[in-house]
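>>> Give me a 3D structure for the following:
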Amino acid sequence: MVHGTPLSRPPPGPRGVFRPSAREEPTVAFMVMLLDLQDRDRSIRRLRDWAVAGAGVGPGLRVVDVGSGTGTMAQELASLVGPSGHVTAVEPNPALRGLAEERAAEAGSPAVFVDGLADALPLADGSVDVVWCERVLQHLDDPQAAVREHARVLAPGGCAVLLDSDHDTRVIAAVSPAVGRALNDAFLRGVTSPRVGRTIPELVVRAGLELDPDVGAAVLVMPPATLRDAPFLQQMGAMALADGSLTEAELDAALAAMTVAADEGWAFSAVTIFGFLGRRPLA
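So this is what the prediction gives:
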């Protein structure tokens, strides 16, 4: 069968990754690959710049990076708050946290990495000025509990930065709409909270925070080289095949078409990531 990049085993489904218990080497490698890919994406860079400016991240602030992953953003936040500020990076997965600590040490970053969960932060009430939570809520069973926890640790006047995907916005070029929908529907069934991007405003308001009227958005695009070399589409295809959304012949044809389009330089897949700011009232 033609499945683009050959795989020795099916890649992990979304529910098997970005979990505290995800420790097998192939799964960790898959998580790191996705995080590094997203860190290099220019649209993610623009959305982060929007969020940094909107939250007013600067010298002396106390920041918590919730679900800090490999620590890229924690390092950047630490550089922005400077020696008079402090960044606590909370990451429950020990493999990712260990890698983040190694990378931070190599870079000389003062960010501090600790164990903890998004809905049970190891921080005192009102102890931080900025909560940064990027692409974490989609992996949670109860995103509302996490945003309430963000509100708890924010000091009066503090800001929660919530950036997350709405996977139901995904576009996949080079396949028919029906096949694209089948691939994405299978993926959606494997994500814990796949449409959380569109629900963040409600989560913010129900947590007692004031929703900022400005809304950020970025389209995370996987270009031809990424689609050809990374196992993302193979993952979606394996899930669609497993739940009967596509037949083996349909999956072969779809992946073959994507491979050709990638080789010709025009294939892409894209999903929208939304950004919202929630502020704790001063009084």
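>>> Excluding residues flanking it in the chain, which one is nearest V112?
Spatially, and ignoring its direct neighbours in sequence, V112 is nearest to T88 (5.4 Å; Cβ to Cβ, 6 or more residues apart in numbering). Quick note: C-beta positions are derived from backbone N, CA and C, even for glycine.
>>> Please enumerate residues in contact with the helix or strand hosting that neighbour?
For T88, the element it lies in under DSSP states H and E is strand 86-90. Defining contact as Cβ atoms under 8 Å, 6 or more residues apart in numbering, one finds that strand 86-90 is touched by 62-68, 71, 74, 77-78, 81, 100, 110-118, 121-123, 128.
>>> what do you get for stretch 275-283?
For stretch 275-283, using Cβ under 8 Å, 6+ apart, the contacting residues are 47, 50-51, 54-55, 147, 150-151, 154-163, 200-201, 204, 207-212, 214-218.
>>> What are the boundaries of the strands in the chain?
62-66, 86-90, 112-114, 128-134, 154-172, 210-211, 216-222, 269-279 (DSSP state E).
>>> What are the boundaries of the helices in the stretch 51-200 of the chain?
Taking DSSP state H, counting those that start in this stretch as the test, the helices found in the stretch 51-200 of the chain are 72-81, 94-107, 143-153, 177-190, 196-206.
>>> Quick one: closest of these to E248.
helix 177-190 (13.0 Å; Cβ to Cβ).
>>> What would that closest one look like as PDB? C-alpha coordinates only.
Coordinates of each C-alpha in helix 177-190 appear next as PDB, following Å, rounded to 0.1, in the frame of the first residue of the first chain:
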ATOM      1  CA  PRO A 177     -14.400  17.100   0.500                       C
ATOM      2  CA  ALA A 178     -16.000  13.800   1.400                       C
ATOM      3  CA  VAL A 179     -12.700  12.100   2.100                       C
ATOM      4  CA  GLY A 180     -11.400  15.100   3.900                       C
ATOM      5  CA  ARG A 181     -14.400  15.100   6.100                       C
ATOM      6  CA  ALA A 182     -14.000  11.400   6.800                       C
ATOM      7  CA  LEU A 183     -10.400  11.900   7.800                       C
ATOM      8  CA  ASN A 184     -11.100  14.800  10.000                       C
ATOM      9  CA  ASP A 185     -14.200  13.200  11.600                       C
ATOM     10  CA  ALA A 186     -12.100  10.300  12.600                       C
ATOM     11  CA  PHE A 187      -9.500  12.600  14.100                       C
ATOM     12  CA  LEU A 188     -12.200  14.600  16.000                       C
ATOM     13  CA  ARG A 189     -13.500  11.500  17.600                       C
ATOM     14  CA  GLY A 190      -9.900  10.900  18.900                       C
END
